[in-house]
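K.L.:
Starting from these lines, generate the structure:
(2 chains)
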Amino acid sequence: MANPNKKKIVLPVAPDTKAHAPVKHLYSKKVKLPYGVPGHGLTEMEREVSIDEPPALPINDELNVIGKRTRRVDAIYKVTGAAKYSADIQLPGMLYGKFLRSPHPHARIKSLDVSAARRYPGVHAVHVLSMEPGGSVERESGHDAPAETYNIDQLPLLRYVGQPIAAVAAESQYIANEAAKLIKVEYETKPFVLELDKARRKGAPIVFEKMVKDEGNEGDVGVEAAEEQEGNLRGPSTGSFLGGPRGDVEKGFAEADFVVEGEFRTQVQTHCALETHGVVADWKPDMLTVYASTQNTAGVRDDLSELFDLPKSKVRVITEYMGGGFGAKFGAGHFGVMATELSRKTGRPVKLMLDREEEHLSAGNRPNSHQMLKIGVKNDGKLTAIDLTSYGTAGVGLGAGVGRVAQDLYECPNFRQAQYDVFTHAGPGAAFRAPGNVQGIFSLEQLIDQAAERLGMDPVKYRDIIDKHEVRKLQRAKGAEVFGWKYKKPGSDPGPIKRGFGMAQGHWTRFINLNSSATVRINKDGSVEVMSSVQDIGTGTKTILAQVVAEELGLMAEDITVKIGDTIYPDGPGSGGSVTAGSITPAVRNAAYKAKMELLGQVAGAWDVAIDSLEVKNGEVYSKTDSSKKLSFGEATKKMRTNQILATASRPDDYGGFEIGNGIGYGRLGSVQFAEVLVDTETGFIKVERVVAAHSCGRPLNPMQVESQINGGVIMGIGYALYEDRILDLNTGHMVNANLDQYKLPYSREIPKIEPVIIEHYGAFSSTDASGIGEPANVPTAGAIANAVYNAIGVRLYELPMSPQKVLAALGVS
Amino acid sequence: MNRFEYIKAPSIAEAIDMMDSTVPEAMVTKTDGSAKVVKAAGTDLLDLIKEGILEPGRVIDLKSIPGLDKLSYDKKEGLQFGPMVTIADLENSPEVKKHYRALYEAAAHAATPQIRNMATMGGNLMQRPRCWYFRSSGHHCRKKGGTTCFAQIGQNQFHSIFMTNVCPCVHPSSLATALLAYDGQVELTGPEGRRVIPLSEFFTPSEVDVTCENVATNQDIITNIMLPPVQEGTRAFYIKQGQRESYDWSMGDVAVVLQMDGNKCRDARIVFGAAAPIPLRREAAEEVLKGKAINEKLVMQAAKKAVEGATPLAHNGYKVPLFQTLLKRAVMGAVG
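P.N.:
Numbering: from 1, shown residues only, chains lettered A, B, ... in the order given. Take a look at the predicted model:
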């Protein structure tokens, strides 16, 4: 049985690590596709592809819609408030839900009395949750499935403050909130442990007595599943899908001319999407319909279908507009299960949106980390050994690894790692925008800078020696040019307020979700629709789908009606792992191409000309050889034999196959960022003045939206670097800043001038050759700021967030 | 949030008649849901109710009373403003900007533009502390009538470094820091009529009464706030340091008002905000400056004096050097 909270990211963590075999096709053809970076030795790559694939798409310069700055197709609805988000859904007879949550970090429920809540006027149902709400579940605990009734002796143990216990459904939110307080619970409290270091010690209170189920790591996708679990310690993971240890680390260090090493700590960052987690669930005898704020409509449908034993055909999940998701909005969630239970009990739709406090406590976070990293370096700069040990806690969840950057960013023959998960009595971690890599880059990039300084080299030039990634090299060059990079001696400014420059880079694996399908429908009146269950979580997916279809059909983006975020349409990918653009747009283009060929076939029949003499461009269908044969698109569709032409296509394998099993593509999405900061050495205050962010995402489909994603990634990185911190009271286990008042996000004045630099990079991977950008944009920021802070003050900070307290302490002022 | 009766008060006299509790009393002694309290803009009061730590029976809105939002300046009388004057009104007043620079800076750096447009000066002085344990319904702390101070033994990075032994919350009003530096006064109106109280006597240290922050009683309403006129040689400055420049609570703020004869300091008033449960005069530091020519060395001596006796907690030791820096910069800013 699936745990609704487990399926955080449906990513293909490859079972088969040797799947380099080329894709075979019954009927194939050879196409030459653009390859490389325009202006920097762009060439062509010949690929053998299925006969069904559309012709190669030329580079953006030669296109009309793709690659052009295009306003979001739904912008007008968003700015006028016409866009309805899950929280806005109102259905006839709808009830409102409210949770009762654990006030204790570790407790057993001795007794529970819901009668007063049930009797409260306006309350229609109370439901007690029989399952573990997110995080890990002990094997054979019986807490992995919903149940209509509960047995007081078999309720899940409470393992963190905020763990859901029960919920009420009532006629108004006010009534629900009041009634939830009337549920009487007697707790037997138990000793608890919150701190990473203490939880590892012998004799620490144990979070899970038994081995927990490992359904994939939630926070750090792709860390090799570890089977060892002792006390609160789980692991180590010694490799990832990119491979295991390599070479001989001891020998590597022996060969090194010098070693750079450090101990780094990063904090817990909670998810603060503008729209909280939540659903409206509407259980009807013939269909369960759920309006969900989710990154994966199809995933929520699959979860609910499995958990409630319903055929997939009887579950519909809708996400028309989505108020942000950064990795924690996958699966049905405890709120989805609860709303469905309450709707089943009452026969009415139930709205259950979390409030901000619940969001901080129970809806996921980026786990913290304690990293010990050591790198051996030759005097010529080459790396001889990398040794990484890390501990992190995702509270009651798993996935607190620190990613794959130490393993994979730089050339180094000898590599070893041991990444451990540590259980604590705190809310579960979840995937969070480039899980693991964001934590890992903070330590790796600071040590690489240390090595450069030791070698007396400019950090940018030094990376040219140890980083063989061609696109990152270009990003460094272009980024440095835009930034006006000039190496400055650390701490060299006179006066108390010092300026610093720093850079860092990162990468993110190019994941593809092959379960990505779309339908394109051309109507006789000339209107065109594209349909898929894929959701637009605010990134602009609707707009790029419109652009892709428009380009193929010779129309403009606004001519295309985009119907997505509904599981009545073909399954699209979940939006996590930066897979969306790279996964769904080839399916959409292929569907549009198929529909176009059908249309041209019918028009060619009507005109009695050869189909390959026809072309569709600039809103017209015409013959390339006979100028009398020319119709507007809308006139041409009138020649259709039926009212509609429908074509569906799915994401084929990458042209040229995958690097590691299905879905893990060749090449990494590189990123290089430069930061300029001011550090006040007397107050400890850091101001980020400017960030230049050089990125590539394959073919940029809509540069305006790519820039928007880069801006968002940098802003989130600044929050992580300087402000955000989940603060737990160690005596009571409560999060003391579970709000947006004292959990500090960057606001307007904290956002510097951000200059995105987009490298158009063709890899000949698919019919659109697009890749994602969401996560790569978030990876290097904290590292770049840390290096800039060091450059400003000449003292390194080893702990996030780099608050005034920590800066003053590092400077020895306090 | 509990259900409560909401009444728009027609006049001060009637509001006084309708109320029976201070907000602190409603949170500690009159917790049976019957307390009748007044509200100005409600930026803090509604927060307390929504957080479930205040459950009044009646909320009496003062915004409906005419005439409480007047601001006037007179060379001889000084600055006077009603309790319903907003922070934005202060920020936008040319007289405040011209004559009361420290107050202007404090207003301009408070909260957000949206909150400044709503929040009133009466409410600003009466607001409750932001200590996260006090604000948590899950922590029955001393300020709410309990016996434990969770901050002393817990997360106290934003708490007091002075007067920490009973309740180390910090007073939340950064405007009060400036008002006290200008030697302001408040006029309270109660059933017995009006009385004027200097701000130096208005705030209540937690050693005196941990459950409240000022001397207003259960039928008192602030009806006026007064600052003395500024003189020829008055030089003032205010600095607030938050973790963020945008909306944030103060980690420390300092207001200084100096009376200068040329380069010589005739008189000085120095106030620390976010250092103690009340806005805190630093007389010892003032003494260092008085009668002397201001220079950086002297100011450093004053700064050192100003943090003497600080008793920082486990996580807020950084505030000691921070306040010294802020004081130094505020004085140099005033004379520079």
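
K.L.:
contacts and neighbour counts: CA atoms only from here.
P.N.:
Noted.

K.L.:
Tell me the pLDDT of residue 163.
P.N.:
All of this refers to chain A. Note for residue A:163: predicted pLDDT of 96.

K.L.:
Can you look at chain B instead?
P.N.:
At residue B:163, pLDDT is 98.

K.L.:
what ranges of the stretch 201-350 of chain A fall below the confidence cut-off?
P.N.:
A:214-226 (pLDDT under 70).

K.L.:
Helices of that one, residue ranges please.
P.N.:
With DSSP state H, counting those that start in this stretch, the ranges of helices along the stretch 201-350 of chain A come out as A:249-255, A:297-307, A:333-346.

K.L.:
Those helices into TSV, with extra columns for mean neighbour count and distance to chain B?
P.N.:
Shown next, in TSV, are the helices of the stretch 201-350 of chain A (neighbours: other CA atoms under 10 Å in any protein chain shown; distance: least, CA to the nearest CA, whole Å):
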stretch	mean neighbour count	distance to chain B
helix A:249-255	17	39
helix A:297-307	25	32
helix A:333-346	26	22
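
K.L.:
Now render those as TSV, adding distance to residue A:392.
P.N.:
Shown next, in TSV, are the helices of the stretch 201-350 of chain A (distance: least, CA to CA, whole Å):
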stretch	distance to residue A:392
helix A:249-255	23
helix A:297-307	27
helix A:333-346	23
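
K.L.:
Quick check: residue B:194 touching residue B:219?
P.N.:
No - using CA atoms under 8 Å, residue B:194 makes no contact with residue B:219, being 11.6 Å away.

K.L.:
More neighbours: the two, which one.
P.N.:
The residue with more neighbours, out of residue B:194 and residue B:219 and counting by other CA atoms under 10 Å in any protein chain shown, is residue B:219; that gives 21 against 15.

K.L.:
Quick check: that one touching residue B:193?
P.N.:
No - judged on CA under 8 Å, residue B:219 makes no contact with residue B:193 at a distance of 10.6 Å.

K.L.:
show me the contacts for residue B:215.
P.N.:
B:202, B:203, B:204 (CA atoms under 8 Å, 6 or more residues apart in numbering or on different chains).

K.L.:
try it again with 10 Å
P.N.:
B:188, B:197, B:201, B:202, B:203, B:204, B:209 (CA atoms under 10 Å, 6 or more residues apart in numbering or on different chains).

K.L.:
Could you look up the SS state of whichever residue of the stretch 51-200 of chain A sits closest to chain B?
P.N.:
Using CA to the nearest CA, residue A:103 is the residue of the stretch 51-200 of chain A that sits closest to chain B, at 7.4 Å. Secondary structure assignment for residue A:103 (DSSP: H, G, I helix; E, B strand; the rest coil): coil.

K.L.:
What segments of chain B are strands?
P.N.:
Per DSSP state E, chain B carries strands over the ranges B:5-8, B:36-39, B:58-61, B:71-74, B:78-81, B:185-190, B:193-198, B:221-227, B:234-241, B:252-261, B:264-273, B:280-281.

K.L.:
I'd like to know how many residues surround the residue lying closest to the residue of the stretch 51-200 of chain A closest to chain B once chain neighbours are set aside.
P.N.:
Among residues not flanking residue A:103 along the chain, residue A:161 sits closest, at 5.1 Å (CA to CA, 6 or more residues apart in numbering or on different chains). Neighbourhood size, residue A:161 [other CA under 10 Å]: 23.

K.L.:
And residue A:161, which helix or strand is it part of?
P.N.:
Under the criterion DSSP states H and E, no helix or strand holds residue A:161.

K.L.:
what's the closest residue to chain B within the stretch 551-700 of chain A sitting at in phi/psi?
P.N.:
The minimum distance from the stretch 551-700 of chain A to chain B, using CA to the nearest CA, falls at residue A:683 (5.3 Å). Main-chain dihedrals, residue A:683, degrees, to the nearest 10: phi -120, psi -10.

K.L.:
Pull the number of nearby residues for it.
P.N.:
Residue A:683, neighbours per other CA under 10 Å, totals 25.

K.L.:
Once you drop chain neighbours, what's closest to it?
P.N.:
Sequence neighbours aside, residue B:322 is the residue nearest to residue A:683 in space, at 5.3 Å (criterion: CA to CA, 6+ apart).

K.L.:
before we move on, what about residue B:8?
P.N.:
residue B:61 (4.7 Å).

K.L.:
now whichever residue of the stretch 101-250 of chain B sits closest to chain A: how far from residue B:1?
P.N.:
Nearest residue of the stretch 101-250 of chain B to chain A (CA to the nearest CA) works out as residue B:246 at 5.3 Å. To residue B:1, residue B:246 is 29 Å away according to CA to CA, to the nearest Å.

K.L.:
Residue B:243 too?
P.N.:
30 Å.

K.L.:
Residue numbers of the stretch 151-300 of chain B in contact with chain A?
P.N.:
With CA under 10 Å from any CA of the partner chain as the criterion, the stretch 151-300 of chain B meets chain A at residues B:151, B:153-157, B:241-249, B:251.

K.L.:
for residue B:213, what are its contacts?
P.N.:
Here residue B:213 is in contact with B:24, B:125-129, B:143, B:170-171, B:202-206, B:277-278 (criterion: CA under 10 Å, 6+ apart).

K.L.:
any residues in contact with both of residue B:194 and residue B:219?
P.N.:
Common contact partners of residue B:194 and residue B:219 (CA under 10 Å, 6+ apart): residue B:188.

K.L.:
need the residues of the stretch 151-300 of chain A near chain B, please.
P.N.:
A:174, A:177, A:178.

K.L.:
Can you report how many residues neighbour the first one?
P.N.:
Neighbour count of residue A:174, defined by other CA under 10 Å: 16.

K.L.:
Equivalent analysis for residue A:151, please.
P.N.:
By other CA under 10 Å, 9 other residues sit near residue A:151.

K.L.:
mind checking how far it is from residue B:227?
P.N.:
In this view, residue A:151 and residue B:227 are 67 Å apart by CA to CA.

K.L.:
Around residue A:732, how many other residues sit close by?
P.N.:
So residue A:732, with other CA under 10 Å, has 18 neighbours.

K.L.:
quick one: contacts for it?
P.N.:
Here residue A:732 is in contact with A:103, A:104, A:105, A:161, A:192, A:194, B:138, B:139, B:150, B:154 (CA under 10 Å, 6+ apart).

K.L.:
same question, residue A:716
P.N.:
Each residue near residue A:716 by CA under 10 Å, 6+ apart is listed here: A:433, A:710, A:724, A:745, A:746, A:751, A:777, A:778, A:779, A:781, A:782.

K.L.:
ok, and the closest non-adjacent residue to the third one?
P.N.:
The shortest distance from residue A:724 to any residue other than its chain neighbours is 5.2 Å, reached at residue A:744 (CA to CA, 6+ apart).

K.L.:
State the three-state secondary structure for that neighbour.
P.N.:
Applying three-state DSSP: residue A:744 is coil.

K.L.:
Surely it touches residue A:719?
P.N.:
Yes - contact criterion CA atoms under 10 Å: residue A:744 and residue A:719 qualify, at 7.5 Å.

K.L.:
tell me, what's touching these two both at once?
P.N.:
residue A:725.

K.L.:
which of those two has more neighbours?
P.N.:
Using other CA under 10 Å as the criterion, residue A:744 and residue A:719 rank with residue A:719 on top: 23 against 20.

K.L.:
Please report how far that one lies from residue A:737.
P.N.:
From residue A:719 to residue A:737 the distance is 15 Å (CA to CA).

K.L.:
before we move on, what about residue A:268?
P.N.:
In this view, residue A:268 and residue A:737 are 12 Å apart by CA to CA.

K.L.:
picking that back up, mind checking the helices of the stretch 201-350 of chain A for the one nearest to residue A:582?
P.N.:
Comparing the helices of the stretch 201-350 of chain A by their distance to residue A:582 (CA to CA), the top pick is helix A:297-307, with 17.6 Å.

K.L.:
got the contact list for the residue of the stretch 501-650 of chain A found nearest chain B?
P.N.:
Distances between the stretch 501-650 of chain A and chain B by CA to the nearest CA are smallest at residue A:501, namely 20.6 Å. For residue A:501, the contacting residues are A:483, A:485-490, A:674-678, A:690-691, A:784-792, by CA under 10 Å, 6+ apart.
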